[in-house]
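> pasting a predicted model and its sequence here:
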Amino acid sequence: MPTKHIANTILNWHQGIERSMPWLFTDDPYQIWISEIILQQTQVSQGTAYFQKFVSLYPSVVDLAATSLDNLLKTWEGLGYNSRARNLHRSAKIIVEQFDGIFPTQFEEIIALPGIGDYTASAISAFAYNQPYVAVDTNVERWVSRYLGIKGYKSSPQLRKDVKAYLLPFVENSMSARNCNQAFIDFGALICKSRKPECTVCPLSDSCYAHSNNQEAQFPQSKPKKKRRHRHFYHYVCIAGDKVLIDYREAQDIWQGMYEFPQIESLNPSRADEIPIDFSGHLKPEGLTSTQQFSQTLTHQIIHATFYTYTVESVFESSSRWITLEELVNLPVSGVVRLYLAQNNHIFKL
DNA sequence: CATACGTGGCG
DNA sequence: TCGCCAAGTAT
């Protein structure tokens, strides 16, 4: 079946669809941008509240550029992949400095911004400016690969390229690139779903390769899975009155830009009765008030975090920083640290 | 091109 | 429970 007919069938189906996500009701490239970054590898149900919070706290790119990275990451906290937030901040500053605070309108300028790749640049170009680009996300990739039976690994550059090439002529000749792209994405999200595709109500099922061969689950191909590695973090929570010792994560590693209690990492679980770091004798066994463990499974690793909570007489000299408990509550922290804080809210009074 | 990067939800 | 998945990008 020609692409034109397939696309028209989807557009026709889309006319009877109602969606209420807040970013669908704006042409503001800034808001479109924020929504697309938030939605990268993130479900609509998880990202919506963050979008509301972002446009409320930072109504314009100028506001975003003016806030501190700490504040931005705190707003981002709980979403994950926070290089997205760091790149959002970098891009906002670039737009203010190089584009006079006006969001760029050309695809080449947009994709040059940090954190924006082919999908996001295409989405902004189509949704905000109605320019003829195809935004191939996981939804679009899925239904096209199933319909045509295209081989290729999920999310691979090659498959995304093939899907884009297939749909581009139609978008270029269509009345509304904006509407086309929204229909293509919604079709994948609502009909050609990942787990339980709605083939019984799909207007294209008769000519779908995957459905005809009962191979809906085979497209797109998934890569062989790798094992997650285990990491053991031992945190030392040193509390002196209303002060606590804190470190900043700046290494090229997980949770870059977030704060944590001083820690050492071990490849293997170590014993809880040791004090591997004692801050030159300032930590004494009798000062240990609790030992708690939390785990968090990430995409490529499993974090086992142990927290030793110590009470000390007074602050001491350290390469780490003493801050008040109130200040701590305003700093971005990882999921495991957030678990620890929530579990000890009698101390940290969140 | 393969791999790393968070978190929450579903089956 | 646990693996897979979610409006991807940088390296």
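Great, that's in hand. Numbers count the residues shown, from 1 in each chain, chains lettered A, B, ... in the order given.
> ok so A:Q131 is a helix residue?
No - A:Q131 sits outside any helix when classified using DSSP: H, G, I helix; E, B strand; the rest coil, being coil.
> how about it: what's its closest non-neighbour residue?
The shortest distance from A:Q131 to any non-neighbouring residue, by Cβ to Cβ, 6 or more residues apart in numbering, is to A:S125 (4.2 Å). From N, CA and C alone the C-beta is placed, and that goes for glycine too.
> I'd like the distance from the host helix or strand of that neighbour to the chain centre, please.
A:S125 is part of helix A:118-129, with elements assigned from DSSP states H and E. Remark: helix A:118-129 is offset 18 Å from the chain centroid, using Cα atoms, centre = their mean, to the nearest Å.
> distance-wise, check the residue of the stretch 1-150 of chain A found nearest DNA strand C relative to A:I239.
The stretch 1-150 of chain A approaches DNA strand C most closely through A:G117 (2.7 Å), counting by Cβ to the nearest atom of the strand. As for A:G117, its distance to A:I239 is 43 Å (criterion: Cβ to Cβ, to the nearest Å).
> who's more crowded, those two?
Taking other Cβ atoms under 10 Å, A:G117 and A:I239 do not tie; A:I239 has more neighbours (18 against 12).
> so for the residue lying closest to that one once chain neighbours are set aside, what's the pLDDT?
Among residues not flanking A:I239 along the chain, A:T311 sits closest, at 5.5 Å (Cβ to Cβ, 6+ apart). Looking at A:T311, its pLDDT reads 95.
> do A:L350 as well
In this model, A:L350 carries a pLDDT of 69.
> now A:S280
Looking at A:S280, the pLDDT reads 82.
> okay, now it: neighbour count?
A:S280, neighbours per other Cβ under 10 Å, totals 9.
> quick one: residues contacting it.
For A:S280, the contact set (Cβ atoms under 8 Å, 6 or more residues apart in numbering) comprises A:F316.
> name the nearest residue to A:D162, sequence neighbours excluded.
What sits nearest to A:D162 in space, not counting adjacent residues and going by Cβ to Cβ, 6+ apart, is A:I150, at 5.8 Å.
> oh, I was asking about A:V62
Of all residues not flanking A:V62 in the chain, A:G101 sits nearest, at 5.0 Å (Cβ to Cβ, 6+ apart).
> what does the model give the one you found for pLDDT?
What the model reports for A:G101 is a pLDDT of 98.
> give me the domain ranges for chain A.
Chain A breaks down into these domains under automatic domain parsing: A:3-218, A:229-348.
> mean pLDDT lowest for which of those domains?
If the domains of chain A are sorted by mean pLDDT, domain A:229-348 sits at the bottom with a mean of 93.
> is it in proximity to DNA strand B?
Yes - applying Cβ under 7 Å from any atom of the strand, one finds domain A:229-348 touching DNA strand B at A:253-256, A:296-301, A:334-336, A:338.
> picking that back up, okay, the residue nearest to A:Q131 and DNA strand B: tell me how far apart.
To DNA strand B, A:S125 is 22 Å away according to Cβ to the nearest atom of the strand, to the nearest Å.
> what's the neighbour count on that residue?
A:S125 has 25 neighbours, counted by other Cβ under 10 Å.
> now do the SS call for the closest residue to DNA strand C within the stretch 151-300 of chain A.
Using Cβ to the nearest atom of the strand, the closest approach of the stretch 151-300 of chain A to DNA strand C is made by A:S194 at 3.2 Å. Secondary structure, three-state DSSP: A:S194 is coil.
> residue contacts, it?
Applying Cβ under 8 Å, 6+ apart to A:S194 gives the contacts A:138, A:142.
> mind doing that once more with 10 Å?
A:138-139, A:142, A:154, A:188, A:216-217, A:220 (Cβ atoms under 10 Å, 6 or more residues apart in numbering).
> with A:K226 instead?
Counting by Cβ under 10 Å, 6+ apart, A:K226 has contacts A:299-300.
> one more time with 8 Å, if that's ok
With Cβ under 8 Å, 6+ apart, A:K226 has these contacts: A:H300.
> now it: which helix or strand?
Going by DSSP H and E, A:K226 is not part of any helix or strand.
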